[in-house]
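>>> Have a look; sequence and predicted model below, questions after that.
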Amino acid sequence: MKHMKMILAAVLGLMMSTAAKADVPVPVDQLPAAIKTFVQQHFPENTLVYAEQDWNSYECRLNNGTKVEFDKKGEWKKVDCEMMTVVPAAIIPAPIKEYVSASFADSPIIKIEKERYGYKVELANDLELMFNKQGAFMGMDD
């Protein structure tokens, strides 16, 4: 019987921790001000239509299909324009913009993601490029 109680407690604990990490819809009007400001500033023609929150981030969708992921402080982590538009130039570090425009002038950036090592960008031609935190080109990702 003692073992059953321990097993039951462990299962309940696991279920509760999993539920706490699950994505929960958030009304757009209840998003942090930093997220709303970011969208208004960088996507003035678009509006937030859906948002969800997990234990450490927000994932938002705009009316044009763009997905933007933010950390819990409201700073962007990933912008994915899904081939519909291009990533706003203002959020792309200057060295990355310069490298892409010089090396891939016909392929704009459609996705940018902050990574532990720096940045990962996806171009309209499906190439994925990696840059360090200073924006120096590191290589291509397959």
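Structure received.
>>> And stretch 37-46, how far out from the chain middle?
15 Å (CA atoms, centre = their mean, to the nearest Å).
>>> Then stretch 80-92?
That offset, for stretch 80-92, works out to 12 Å (CA atoms, centre = their mean).
>>> go on, stretch 107-120?
10 Å.
>>> just for this structure, where's the confidence low?
1-21, 83-84, 142 (pLDDT under 70).
>>> what about the helices in it?
Assigned by DSSP state H, the helices in the chain fall at 2-21, 33-42, 94-103.
>>> And the second one, what's buried?
Going by neighbour count (16 or more other CB atoms under 10 Å), the buried part of helix 33-42 is 35, 38-39, 42. Bear in mind the C-beta positions are built from the backbone N, C-alpha and C, glycine included.
>>> Tabulate those residues (TSV), appending distance to Asp126.
Formatted as TSV, those follow (distance: CB to CB, whole Å):
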residue	distance to Asp126
Ile35	29
Phe38	26
Val39	26
His42	24
